[in-house]
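# show me how the following folds:
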Amino acid sequence: MIKRIIRILLQIFPRPVLIRMSLLINRVVAIFLVGNKVECPVCGGHFRKFLPYGYTKATGRDNCLCPKCLSLERHRLMWLYFNKETDFFSKNLKVLHIAPEQCFYKRFKALANLDYTTADLESPIADVHFDVQEIPFAEETYDVVICNHVMEHVTDDAKAMNEIYRVLKPNGFAILQVPMDTDNPNTMEDPNVTDPKEREKLYRQKDHVRLYGLDYGDRLSAVGFNVVARKYAQELDTDLAEKYRLPMDEIFYFNQK
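Model prediction:
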C-alpha cells in the first residue's frame, strides 16, 4: 500500500510540490519505522527498514528511501564517496549544486568550508534558476559541480556537459550520475519519441529523453573530463553496504577537469 501511494504521488505532483510535501511528512513517517536493521549514513537515522520508492511498477523497489532525510541508495553512496575519497567536507571549495537533493541541501549549506550555491530550473530550494545547457556563470568559477539525475532530462546533454566543464576550475571535479542500463553498451535515445507513455516504456520515466548505457563514460570524456569509473559500493564492506542499502551495481563516475 505504501509503495502504491508513493508511486501515485510521484506521478501526480511536480517535483517542487513534492519537495514541500516531504518537509511536512517525512519526520512523522520515520517514527513508525524506528529500528536498527538499516542505517542512513547521511542523516544517521536507524530504522527497521527504509521506505519503498519508484515512479512505476517496473522501476519501483523496496527498502530504499530514508524516511528521515529522503536519501536514496545513490545519495548514500555519494555521501560515502565524498567522505572517504575526497576532501569535500574539509577543504575550502566553491560548489555549484544543480538540482539539489533534499537530503544534501541543508547539510551542504551548513558546511563552513563550502561556498555553496544551488541551482535548478524551478526547485523552491534553489538559489538561482537556469537551464543547465546555458549556465550563467564565468569560466573556471567552481571547484565542484554536482548535477545528478539531470542529463536524462536534457535535450542536448553534450551541451550541458560542456557548460559544466566550462565553469569548473582546472583540477575541479563534477559528479554527474544518471539512471543507466548497465546491460546495454549503448545509450538509447530517439528525438522522435515524444509520447510520455512511450518514453516511460523506453527510458523508465515519462520526462526522460534517453536511457544511458555503458558508453556514458565516453560521453563525459568527449567534453574533456578525465573520467574514473568505479563500482564503488562493491569496494566497501559487504555488511556495511547491506546496512546502508547501497546500489551494488551502480557505476560511480568521478569527472575531473
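# alpha carbons only for contacts and neighbour counts from here, please
Fine.
# now stretch 75-87: buried residues?
Buried residues in stretch 75-87, defined by neighbour count with 16 or more other Cα atoms under 10 Å: His75, Arg76, Leu77, Met78, Trp79, Leu80, Tyr81.
# cool, and stretch 51-69?
Neighbour-count burial for stretch 51-69 flags Leu51, Pro52, Tyr53, Gly54, Tyr55, Thr56, Cys64, Leu65, Cys66, Pro67, Lys68, Cys69 (criterion: 16+ other Cα under 10 Å).
# as a markdown table, the buried residues of stretch 75-87 with distance to Met188 and pLDDT would be great.
Output for those, formatted as a markdown table (distance: Cα to Cα, whole Å; pLDDT from 0 to 100):
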| residue | distance to Met188 | pLDDT |
| --- | --- | --- |
| His75 | 25 | 98 |
| Arg76 | 27 | 98 |
| Leu77 | 25 | 98 |
| Met78 | 25 | 98 |
| Trp79 | 29 | 98 |
| Leu80 | 30 | 98 |
| Tyr81 | 28 | 98 |
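# related to what we said a few turns ago, okay, the buried residues of stretch 51-69 in TSV with distance to Phe89 and pLDDT next?
As requested, the buried residues of stretch 51-69 are exported to TSV (distance: Cα to Cα, whole Å; pLDDT from 0 to 100):
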residue	distance to Phe89	pLDDT
Leu51	28	85
Pro52	29	86
Tyr53	29	83
Gly54	30	74
Tyr55	32	63
Thr56	35	65
Cys64	25	91
Leu65	24	89
Cys66	22	90
Pro67	24	85
Lys68	21	86
Cys69	19	88
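# coming back round to it: now, which of the buried residues of stretch 75-87 lie within helices?
Secondary structure from DSSP state H places His75, Arg76, Leu77, Met78, Trp79, Leu80, Tyr81 of those in helices.
# does the closest residue to the fifth one other than its chain neighbours lie in a helix or a strand, and which?
Read that as Trp79. Ranked by Cα to Cα, 6 or more residues apart in numbering and with sequence neighbours excluded, the top spatial neighbour of Trp79 is Val42, at 6.5 Å. For Val42, there is no helix or strand it lies in under DSSP states H and E.
# ok, Val42 - how many residues close by?
The number of residues packed near Val42 is 21, by other Cα atoms under 10 Å.
# what do you get for Ala126?
For Ala126, using other Cα under 10 Å, the count is 18.
# so it touches Lys109, yeah?
No. Using Cα atoms under 8 Å, Ala126 and Lys109 do not qualify as a contacting pair, with a distance of 11.4 Å.
# quick one: secondary structure of Val227?
Taking DSSP: H, G, I helix; E, B strand; the rest coil as the rule, one finds Val227 in the strand state.
# pLDDT score for it?
Predicted confidence (pLDDT) for Val227: 98.
# which residues touch the closest residue to it other than its chain neighbours?
Excluding its sequence neighbours, the residue lying closest to Val227 (Cα to Cα, 6+ apart) is Asn255, at 4.6 Å. Applying Cα atoms under 8 Å, 6 or more residues apart in numbering to Asn255 gives the contacts Phe173, Ala174, Ile175, Leu176, Leu220, Phe225, Asn226, Val227, Val228.
# hang on, the earlier thing: residues touching the residue nearest to Trp79, list them.
Applying Cα under 8 Å, 6+ apart, we find Val42 in contact with Cys69, Ser71, Arg76, Trp79, Cys103, Phe104.
# next, give me the two most distant ones among these.
Largest separation among the contacts of Val42 by Cα to Cα: Cys69 and Trp79, giving 12.7 Å.
# would you mind measuring from the residue nearest the centre of the chain to Leu80?
The chain has Asn148 as the residue nearest its centroid, 3.7 Å off, counting by Cα atoms, centre = their mean. Going from Asn148 to Leu80 by Cα to Cα, to the nearest Å gives 15 Å.
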